[in-house]
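Undergrad: Below is the sequence, then the predicted model.
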Amino acid sequence: MKISLVLFLSLYYITCIAQRTITGTVTDNSGIPVLGATVLIKGTDNEVNTDFDSNYSIEVEEDDVLIFSSVGYETQEISAGKNNVINVSLVSGITGCYFWNDPTHSIKSMYGVNYKTLGIEFKTRWHQLNHLELNGRITTNLESNKEIQVETIKPVRINGIYIKPGLSFHQADFKSNRLHKYEFFITKDFGLGADPHQHIKISTGLINYSSSQRLYYEEVGYGIEIRKRVFRGFFFTTGYTYWEGINEVELKGDYNIRYNWIINVRYHHISNYEEVSLGISYNLRNW
């Protein structure tokens, strides 16, 4: 009995010594985190995925080989060896390919129901400029009603955490409603696997607003926005901003109907200004 117990403890000790934890991050060649990347021990079913800050942790033995992979990137194999930390930079291996959650470029046609407007919305990201992003919207009825919105976003890493600060300008002139809005915001992505681009956005800014029922006024506001995957292919976004005297509500739904074709619905309400927009967008990863 004593011999069996000693043998068991010896084997357990050897196993514990042989196995250890390797941690690290997986990014692309621009240093941007690759969310939901797979880290697999070659020849086994033992795998983990990176979290929303691109971190991973996996138990290995010295002679194990780790396989790092993600859709749109070349697979890499790295021997565990005696390393305790392995950081990997994946190289893009697919061009001209579309990914639902991460379009490099997109263009959207829009129709405003309440004010009978037509317009376009665009999004573009420059990987050469460390994923600097520019978004814009222009709608009009070719008369007095018009809306313009422009925002720029730049991902940054602070103490190992990736966030996306940005600036936004929004102008809307519909009938007797006039608003000019300037905002600074910070977005934090969350989620793994196929749906990394869920997010929480915190914002602050300044609004100038006037209408026939309300004289011109200028106020500072604070807001929050949450984007969440409801089911496969459908995302719902809800946003609320408190501008001292008035409240702003924005609701958006995006549904992937086929490959890179997306149906969009948007509801936007500030005081007497209220608009419902319908649109369809086409997304590309690369042009």
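TA: Received it, and whenever you're ready, just let me know what you need.
Undergrad: where do the strands sit along the stretch 101-250 of the chain?
TA: Along the stretch 101-250 of the chain, the stretches classed as strands by DSSP state E, counting those that start in this stretch are 105-112, 117-126, 132-140, 146-153, 156-158, 161-174, 177-190, 198-210, 217-231, 234-243, 246-258.
Undergrad: so what strands line up beside the first one?
TA: With DSSP bridges as the criterion, the sheet partners recorded for strand 105-112 are strand 117-126 (antiparallel), strand 273-284 (antiparallel).
Undergrad: could you redo those strands as TSV and give each row distance to V249 and mean neighbour count?
TA: Bear in mind the C-beta positions are built from the backbone N, C-alpha and C, glycine included. Shown next, in TSV, are those (distance: least, CB to CB, whole Å; neighbours: other CB atoms under 10 Å):
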stretch	distance to V249	mean neighbour count
strand 117-126	19	17
strand 273-284	9	18
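Undergrad: CSV for those, including mean pLDDT?
TA: Listed next are the strands paired with strand 105-112 as CSV, based on pLDDT from 0 to 100:
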stretch, mean pLDDT
strand 117-126, 89
strand 273-284, 89
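Undergrad: Which one of those strands lies nearest to V156?
TA: strand 117-126 (14.7 Å; CB to CB).
Undergrad: Touching the closest one from outside, list them.
TA: Residues outside strand 117-126 that contact it (CB atoms under 8 Å, 6 or more residues apart in numbering): 103-112, 131-141, 145-147, 279, 281.
Undergrad: quick one on the thing from earlier: possible to save the strands of the stretch 101-250 of the chain as a markdown table with distance to H268?
TA: Formatted as a markdown table, the strands of the stretch 101-250 of the chain follow (distance: least, CB to CB, whole Å):
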| stretch | distance to H268 |
| --- | --- |
| strand 105-112 | 10 |
| strand 117-126 | 12 |
| strand 132-140 | 11 |
| strand 146-153 | 9 |
| strand 156-158 | 28 |
| strand 161-174 | 8 |
| strand 177-190 | 10 |
| strand 198-210 | 13 |
| strand 217-231 | 12 |
| strand 234-243 | 9 |
| strand 246-258 | 5 |
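Undergrad: Mean pLDDT lowest where, among these?
TA: Mean pLDDT is lowest for strand 156-158 out of the strands of the stretch 101-250 of the chain, coming in at a mean of 82.
Undergrad: which strands and helices sit next to that strand?
TA: Applying 3 or more CB pairs under 8 Å, 6 or more residues apart in numbering; DSSP states H and E, one finds that strand 156-158 contacts strand 161-174.
Undergrad: Adjacent strands (with direction) for the strand it packs on?
TA: When pairing is defined by DSSP bridges, strand 161-174 lines up against strand 146-153 (antiparallel), strand 156-158 (antiparallel), strand 177-190 (antiparallel).
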